[in-house]
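S.K.: structure for the following, please:
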Amino acid sequence: MLDNVDEGNTERDAPVDCLKPSKIGFVGLGLMGTAMAANLAADGHNVCAYVRRSERVGDLQALAVAATTNLSDLFDSDVIISMLPDDTAVRDVFFGSSGIADGLQPAAIHMSMSTISTTASTEFLHAHERRSQGYVAAPVFGNPDAAKARQLSVILAGSPASCERCRSVTDSLGRTFVIGTDPAQANLIKLLGNMMTATALEVLSEVVTVLRKRGLDPQQFVDIMTGTMFDSRVHKNYGNRIIAQSYEAGLALPLALKDVRLALTEAELAGAPMPSVGVVRDRLITGIARGHGKLDWTALGLVASEEAGL
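M.R.: Modelled structure (predicted):
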């Protein structure tokens, strides 16, 4: 699936400035979306963001991001980005009553950066095609800190022409991987990548708990492992956060559980069991049942310590 990966700033047939959208609409201004919109504006893009609460308008304008409480103000966008929590949210905003898709110009492109199902992604592709609009999937790997630092990994898939028009946007956010012409492929990669992170978090949580129960320093262990056999950003960053019991909201447990369920559905369709992911699903449900639903998925460390009597 990744044989045709196009990483980073490779040469393209047309200059970037010729392909740069004149107006970028943005829907989904959470922690991630706000950081992304601010970086796009800082790079000279004309960004207009939709917000539900009028009190947010001033904060976004301070970041050079135009803001509106009227979805219709986004109808003249060349590229419109969605960074919404799930299938239903994207469907409602774009294809519900007075949705964006009905007002969006022909040839405009919807860049879906949300973590959604492959089924929904294909549905959205066909819905936009019926309106002579473009659609690409561009989910990202990274957290709000990575978004601020322009260190996101963008998994981009769609028609070559649409992907090319979106490259000046994605390259402002981090590293771009163009992986194919079927948007659903990008969504599948995002879901499976999240499962690798989720299972790593569960193992880190269990190991840190064992070390604490045995009276040993978990930081020493994590430093050794991440300096040798597990030298990855996931193990370093999340290992340190679990040790520090830093569970502030990033990817909240219910959203992590949503991703797990979507991934397990994909696995079932493929006839490929994912037993380790099933364990993570149950641990996330436990965390939510214990009242930790507003915490980041690093709170798997809290679940592990609670079950061990710490």
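
S.K.: what's the domain layout of this structure?
M.R.: 6-181, 188-307 (automatic domain parsing).

S.K.: gap between the most centrally placed residue in the chain and Ile81?
M.R.: Nearest to the geometric centre of the chain sits Val140, at 4.3 Å (C-alpha atoms, centre = their mean). Going from Val140 to Ile81 by C-beta to C-beta, to the nearest Å gives 11 Å. The way it works is simple: take the backbone N, C-alpha and C, and place the C-beta from them, glycine included.

S.K.: show me the contacts for the residue lying closest to Thr286 once chain neighbours are set aside.
M.R.: Using C-beta to C-beta, 6 or more residues apart in numbering and skipping residues adjacent in sequence, the residue nearest Thr286 is Val303, 5.5 Å away. Val303 is in contact with 205, 283, 286-287, 290, 292, counting by C-beta atoms under 8 Å, 6 or more residues apart in numbering.

S.K.: from those residues, which land in helices?
M.R.: Within those, residues falling in helices by DSSP state H are 205, 283, 286-287.

S.K.: report the two of those residues separated the most.
M.R.: Greatest spacing in these, by C-beta to C-beta: Ser205 and Thr286 (11.7 Å).

S.K.: could you pull out the helices for the stretch 201-310 of the chain?
M.R.: Assigned by DSSP state H, counting those that start in this stretch, the stretch 201-310 of the chain shows helices spanning 218-226, 233, 239-243, 253-270, 275-289, 300-307.

S.K.: among those helices, which is nearest Cys166?
M.R.: Closest among those, using C-beta to C-beta: helix 253-270, at 23.1 Å.

S.K.: which parts of the closest one are buried?
M.R.: Buried positions in helix 253-270, judged by neighbour count with 16 or more other C-beta atoms under 10 Å: 253-260, 262-264, 266-267.

S.K.: want to try a markdown table for the residues you listed, with pLDDT and distance to His110 as columns?
M.R.: Output for the buried residues of helix 253-270, formatted as a markdown table (pLDDT from 0 to 100; distance: C-beta to C-beta, whole Å):
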| residue | pLDDT | distance to His110 |
| --- | --- | --- |
| Leu253 | 97 | 29 |
| Pro254 | 97 | 25 |
| Leu255 | 96 | 21 |
| Ala256 | 97 | 25 |
| Leu257 | 98 | 26 |
| Lys258 | 98 | 21 |
| Asp259 | 98 | 21 |
| Val260 | 98 | 26 |
| Leu262 | 98 | 20 |
| Ala263 | 98 | 23 |
| Leu264 | 98 | 27 |
| Glu266 | 97 | 22 |
| Ala267 | 97 | 27 |
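
S.K.: could those residues be laid out in TSV, adding distance to Arg53?
M.R.: Listed next are the buried residues of helix 253-270 as TSV, based on distance: C-beta to C-beta, whole Å:
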residue	distance to Arg53
Leu253	24
Pro254	21
Leu255	20
Ala256	25
Leu257	26
Lys258	24
Asp259	26
Val260	30
Leu262	28
Ala263	32
Leu264	34
Glu266	35
Ala267	38
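
S.K.: so which of the residues you listed is the closest to Ser77?
M.R.: Leu255 (25.9 Å).

S.K.: contacting residues around that closest one?
M.R.: 85-86, 115.

S.K.: show me the shaky parts of this structure.
M.R.: 1-19 (pLDDT under 70).

S.K.: in it, which spans are strands?
M.R.: Counting by DSSP state E, the chain has strands at residues 6-7, 24-27, 47-50, 66-68, 79-82, 109-112, 134-137, 140-141, 152-157, 174-180.

S.K.: would you list these in CSV and tack on distance to His128?
M.R.: Shown next, in CSV, are these (distance: least, C-beta to C-beta, whole Å):
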stretch, distance to His128
strand 6-7, 23
strand 24-27, 14
strand 47-50, 18
strand 66-68, 22
strand 79-82, 10
strand 109-112, 6
strand 134-137, 4
strand 140-141, 20
strand 152-157, 14
strand 174-180, 18
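
S.K.: now for those strands, which one comes closest to Thr199?
M.R.: strand 140-141 (15.1 Å).

S.K.: note down every partner strand of that closest one and its orientation.
M.R.: Sheet pairing here is set by DSSP bridges, and for strand 140-141 it gives strand 152-157 (antiparallel).
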